[in-house]
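Novice: Sequence and predicted structure, then a few things I'm wondering about:
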Amino acid sequence: MGSRFFRTIIAIFIILVGVILVLENLDIVTWSIGDWWYYIYPSFFILIGLKWIYQAFKGFNGYGTPLFLIIFGSLLLADRFNYLTFGFWDIYKLWPLILIFIGLYFLGIPQRRRFKVFSDTNDSETYSNRWKKRDKVIIGDYNYNTTNWKVEPIDIWNAVGDHTMDFTKAFIPDENTPITIHGLAGDINIILPDHVDFSIRATVHAGEIVLLDQTTQGINRVLTYQTADYETATRKLTFNLKLNAGSIRVDRI
């Protein structure tokens with residue numbers, strides 16, 4: 001897992017602790033931070049499991065550990081809400097899951113997903129046919145940095161996650177390709193080649209934007225940039241980037 005993901009989780013935890021302490025000091029709630037902790041730490045197991053299972057779906061790791069964390073955290077939460085009895089040290093009771101995972105492995109379920117790499121073939125898809133529906137993800141990272149990856153219209157919304165896009169390694173079609181990335185918390189890092197025209201609108205409600213030689217940080221920040229030949233160029237990229245909290249960085253090499 002990336003350090004940014006841990007940083008985001010720690011930030012959310014600190015915010016939750018602060019909210020709980022304020023409510024407790026104002027006598028709005030009677031629970032102490034110790035009471036809340038029994039609900040918080042099982043949630044961390046689930047969050048980490050969800051992140052890892054997303055990475056497994058992208059082909060970076062296996063499914064066994066993330067599924068185990070999700071199941072373990074869910075059972076702990078079920079115990080907290082009195083649906084069943086399951087404590088932290090009851091983890092040994094889950095050993096039969098190993099047999100289940102082994103069986104699924106021999107059946108080839110699930111198979112790892114492979115990245116799509118551009119091949120030099122005739123692609124007659126029109127712009128309207130290539131537009132994708134918005135991809136909504138709760139937690140997950142997006143990494144577009146494989147050699148010769150094919151640039152297609154992207155429309156992503158995710159709650160927590162990082163986005164890395166290296167267009168210097170990409171095949172960019174001769175058309176206007178829109179790239180939309182919106183999220184609640186995370187980082188967006190984009191590297192662009194100097195021979196491709198582009199337009200960018202970057203917005204953060206709390207955080208930092210570094211757009212080529214422009215930099216701004218704070219609350220409700222917006223930066224825009226458009227290359228000189230963007231309007232007349234046939235091959236170009238149009239970015240709409242927005243985060244509630246985090247950082248957006250765009251470099252050109």
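Specialist: Yep, that arrived.

Novice: How much space separates T85 from I46?
Specialist: 19 Å (Cβ to Cβ, to the nearest Å). Placement of C-beta: from N, CA and C, glycine included.

Novice: neighbour count winner among those two?
Specialist: When T85 is set against I46 and neighbours are counted by other Cβ atoms under 10 Å, the residue ahead is I46, at 19 against 9.

Novice: Next up, phi/psi of that one, please.
Specialist: When read as degrees, to the nearest 10, the backbone of I46 gives phi -70, psi -40.

Novice: ok, and the closest non-adjacent residue to it?
Specialist: If the residues on either side of it in the chain are set aside, I46 comes closest to G73, at 3.9 Å by Cβ to Cβ, 6 or more residues apart in numbering.

Novice: Check which helices and strands the helix or strand encompassing that neighbour sits against.
Specialist: Using DSSP states H and E, G73 falls within helix 64-80. Helix 64-80 makes packing contacts with helix 33-57, helix 96-107 when contacts are defined by 3 or more Cβ pairs under 8 Å, 6 or more residues apart in numbering; DSSP states H and E.

Novice: which of these has the lowest average pLDDT?
Specialist: Among those, helix 96-107 carries the lowest mean pLDDT, at a mean of 69.

Novice: Can you pull out the low-pLDDT segments for the protein?
Specialist: 1-13, 16, 20, 24, 29-36, 54-63, 101-140 (pLDDT under 70).

Novice: The residue nearest the centre of it and D187: what is the separation?
Specialist: Within the chain, one residue has its C-alpha closest to the average C-alpha position: by Cα atoms, centre = their mean, that is G161, at 2.5 Å. For G161, the distance to D187 under the criterion Cβ to Cβ works out to 9 Å.

Novice: do G218 as well
Specialist: When Cβ to Cβ is applied, the distance between G218 and D187 equals 17 Å.

Novice: Alright, calling it a day.
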